[in-house]
Each structure stands twice: as structure tokens, then as C-alpha cells.
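Novice: Let's see this in three dimensions:
(one chain, ligands or ions: 1)
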Amino acid sequence: MNFNSLIFLQLHIYNPLLESMLTVFSDDNFMKKAIQEAETAASLGEVPVGAVIVCNNAVIAKAHNHVEKLHDITAHAEILAITAASNYLGSKYLEDCTLYVTLEPCVMCAGAIKWARLGRVVYGASDDKGGFMKYGKELLHPSTKLEFGIQNERCSEMLKNFFKAKR
Ligand SMILES: [Zn+2]
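Specialist: Numbering: from 1, shown residues only. This is a model prediction of the structure:
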């Protein structure tokens, strides 16, 4: 066996540990992009929540909260990102996509996530008051994978600072 075929073999041996490390790394990375969106929201006087939607390891949509600017309570980051991603893909279903959002989605957004059949949802900070989880994961589509707590501290710190400054 020559050296090249050895490398080839190594690349093609399935390594679950490596795979999960890569997932964690990219989750972190994509959540940072959602955090950038949330920071933009804060700088515009919007509640700092940001979202990105990723398909095949590429960001296809990003959005932040626009409730104040649009005078529209439905203009949450998740809803805007889902609309943008669906437009981009020309598909109402987002089964091959992951939504990264800095805050636990509300019930309205959980409904949109369900109807869009997101493949996976990753959120940062929990929202005990307004989040959907107190009603349970059942609000999402049964095939949607769910993860949370990624960049949790940074995500919740942004919200705390925003509301502290408002007082
Ligand atoms: Zn929402």
C-alpha cells in the first residue's frame, strides 16, 4: 500500500467522534453568525434576536428582529429567515436546513418552524417566559431535530444588557 492510498483510506473511514466534533464546531460557527445578526438588531433598537438558516453548510438566509421598524409583531428573526430561505430555495419546506437562532423560539415561531418542516433547530439562550418549550417539543414537526445551549451565555448576555440599558 502506498502513502496516497493510506490517506485515501483514512479519509473514508467513518469516524463518529470526528463527525460530532465537526458538527459542534460548525454549530458554534453558525450561531456566531446569528449573534452578529442579534447585535445588529440591538444597534437598531430592536430586541437582540438573530437567526440564520444553513443548507449544505452554507448560510442561505439571515435575519434579525424587525418588530419595531416594521411595527409588526410577526417580524421575529425566525419568521423573516424562514421566508427568505423559502424564497431562496423556491420551496415551502426546509427539510434539509438548520435554523440557528440566538433565543428559544416563541410559540408563533415554533408554529412556523413546524409548517416549514425545518430539518434541525439549534437555539442559544432559553426563554422560560416566552419560549415554546414549556408547551413541549411536540409543537415542532416530529422529524425536526432540536438542540440548544450553543453559545448560551453570549446569547442571554446580549438580551440582559439590552434590557438593562433600556431601563
Ligand atoms: Zn418568535
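
Novice: How confident is the prediction for the nearest residue to residue 103 once chain neighbours are set aside, by pLDDT?
Specialist: The spatial neighbour of residue 103 that comes closest, neighbours along the chain excluded (C-beta to C-beta, 6 or more residues apart in numbering), is residue 49 at 4.8 Å. C-beta here means a position set from N, CA and C on the backbone, and glycine is covered the same way. If you check residue 49, the pLDDT there is 98.

Novice: With the one 4 residues further on instead?
Specialist: On pLDDT, residue 53 comes in at 98.

Novice: for residue 84, same thing?
Specialist: 98.

Novice: got the buried residues for the helix or strand in which it is found?
Specialist: According to DSSP states H and E, residue 84 maps onto helix 77-89. Buried residues in helix 77-89, defined by neighbour count with 16 or more other C-beta atoms under 10 Å: 77, 78, 79, 80, 81, 82, 84, 85, 86, 89.

Novice: now, among those, which is nearest to the ion?
Specialist: Of all the buried residues of helix 77-89, the ion sits closest to residue 78, with 5.5 Å by C-beta to the ion.

Novice: Relative to residue 121, how far out is the residue nearest the centre of the chain?
Specialist: By C-alpha atoms, centre = their mean, the mean C-alpha position of the chain lies nearest to residue 100, the distance being 0.8 Å. Here the distance between residue 100 and residue 121 works out to 8 Å (C-beta to C-beta, to the nearest Å).

Novice: OK, contacts around the residue nearest to residue 119 when sequence neighbours are not counted?
Specialist: With sequence-adjacent residues excluded and distances taken as C-beta to C-beta, 6+ apart, residue 119 is closest to residue 95, at 5.1 Å. Residue 95 sits next to 117, 118, 119, 143 when contact means C-beta atoms under 8 Å, 6 or more residues apart in numbering.
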